[in-house]
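Asker: Need the 3D shape of this:
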Amino acid sequence: MKNIKALSLLLLAALLGLVAAVYANNWVGQRTNIAANKIVVSAVDIPAGSRLEPEMLTTIDWPSAALPTGAISDPALLKARVVRLDVVRGEAIIEGKLAPVGTMGGLSAVIAEGKRAMTVRVNDVVGVAGFALPGNYVDILVHAQRDEGKGPTKPISKTVLEHVLVLAVAQEAGRDDTKPKVVNAVTLELSLADSEKLDLARSIGTLSLALRNQTDEATVRTAGFTRNDLLDEPKAFKAVAPARVAKPPPAAPRHCVEVIDMPGGSSGLSCFN
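Answerer: Just a heads-up that it's a prediction; the model follows:
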């Protein structure tokens, strides 16, 4: 009786082991199938505007259910391509981060379609103490003299452009550095119309940059700020003297004589000048 019970337990253990082995084999097979797709990733950190070289790339297995959109499986397809955004080590190289085929490397590959790059001269104050770094957004103010047509010109400070992307500071376009850099020039990404506006603004006055929050895209239209607004002075006005009213000439004196009509006794008053 004891032998039968022991044999039953042995058969049950063998059956459970067999089920576990089949389950483990299926699980391993599924994991192998999921990781069967190879894609190209960066082997090093690649700054925006760089031309891809073979030593910058490698291939790894990537779960097929989570393949990034635009992922590339063959490194040969990336020969001489240029990245228009920063790529960190281990990040998948996708078509959305690449400049069009035939694009030369450098800052021109980073500029968005329809935009222009324009450089303005700055100092430590204008450049927000070096905190305006590539990838940041700034507003641009101009301090100029406003001509009102009559009398002397008046100083005014006005925001002329908002939410402008900083492409580069000096000759550096890398966006992975957060340390302030005091430079003498900042390159901005602008539309053609805004480029013209900025060119006029820097020719008529002094420019300043105002650093803004990365996620704040709201624009605020203002009329600018003048000296009178700053000091709360009343607007100049011209005093007007009260009009003089001519007095009428004095009336000529009149002489009156009482006339009595006899015998009726009636009387009357006759006047003359």
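Asker: Gly205 contacts His143, doesn't it?
Answerer: Yes: under the criterion of C-beta atoms under 8 Å, Gly205 makes contact with His143 at 5.1 Å. Just so you know, the C-beta spots here come from the backbone N, C-alpha and C atoms, and that holds for glycine as well.
Asker: Just want to know which of those two has more residues nearby.
Answerer: Gly205 (19 against 16; other C-beta atoms under 10 Å).
Asker: tell me the contacts of the more buried one?
Answerer: Neighbour list for Gly205: 142-145 [criterion: C-beta atoms under 8 Å, 6 or more residues apart in numbering].
Asker: any idea how far Ala185 lies from Thr226?
Answerer: From Ala185 over to Thr226 the distance is 30 Å, taken as C-beta to C-beta, to the nearest Å.
Asker: can you check Met56 too?
Answerer: Distance from Met56 to Thr226, by C-beta to C-beta: 54 Å.
Asker: Between the two, point out the one with more neighbours.
Answerer: More crowded of Met56 and Thr226, by other C-beta under 10 Å: Met56, with 20 against 16.
Asker: Please tell me I have it right and the more buried one contacts Asp45.
Answerer: No: using C-beta under 8 Å as the test, Met56 is too far from Asp45 to be in contact (9.3 Å).
Asker: Surely Ala201 forms part of a helix?
Answerer: Yes: counting by DSSP: H, G, I helix; E, B strand; the rest coil, Ala201 is located in a helix.
Asker: Counting neighbours, what do you get for it?
Answerer: Number of residues near Ala201 (other C-beta under 10 Å) recorded here: 20.
Asker: Also the one 5 residues further on?
Answerer: Per other C-beta under 10 Å, the neighbour tally for Thr206 reads 12.
Asker: Just the element for it, please.
Answerer: Thr206 belongs to strand 205-212 when assigned by DSSP states H and E.
Asker: Averaged pLDDT, that strand. What do you get?
Answerer: Averaging the model's pLDDT scores along strand 205-212 yields 88.
Asker: Give me the next element, helix or strand, following it.
Answerer: strand 225-226.
Asker: Against which helices or strands is that next one packed?
Answerer: Judged by 3 or more C-beta pairs under 8 Å, 6 or more residues apart in numbering; DSSP states H and E, the packing partners of strand 225-226 are strand 154-169.
Asker: next structured bit after the strand it packs on?
Answerer: Criterion used, DSSP H and E; the element after strand 154-169 is strand 185-190.
Asker: Just the C-alphas of that next one, formatted as CSV.
Answerer: What follows is strand 185-190 as a C-alpha-only set of coordinates in CSV (Å, rounded to 0.1, in the frame of the first residue of the first chain):
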residue,chain,number,x,y,z
ALA,A,185,26.6,86.3,-30.2
VAL,A,186,23.3,84.3,-30.2
THR,A,187,21.8,82.6,-33.2
LEU,A,188,18.0,82.6,-33.4
GLU,A,189,15.5,80.6,-35.5
LEU,A,190,13.0,83.0,-37.1
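Asker: Just the mean pLDDT for the top helix by length along the chain, thanks.
Answerer: Longest helix of the chain, by residue count under DSSP state H: helix 2-34. In this model, helix 2-34 has an average pLDDT of 72.
Asker: For the residue nearest to the spatial centre of the chain, give me its contacts.
Answerer: Centroid-nearest residue in the chain: His163, 1.9 Å away (criterion: C-alpha atoms, centre = their mean). Residues near His163 by C-beta under 8 Å, 6+ apart: 137, 139, 212, 216-217, 219.
Asker: again, 6 Å this time
Answerer: By C-beta atoms under 6 Å, 6 or more residues apart in numbering, the contact set of His163 is 137, 217.
Asker: Val183 versus that one, what's the distance?
Answerer: Computed as C-beta to C-beta, the His163 to Val183 distance reads 21 Å.
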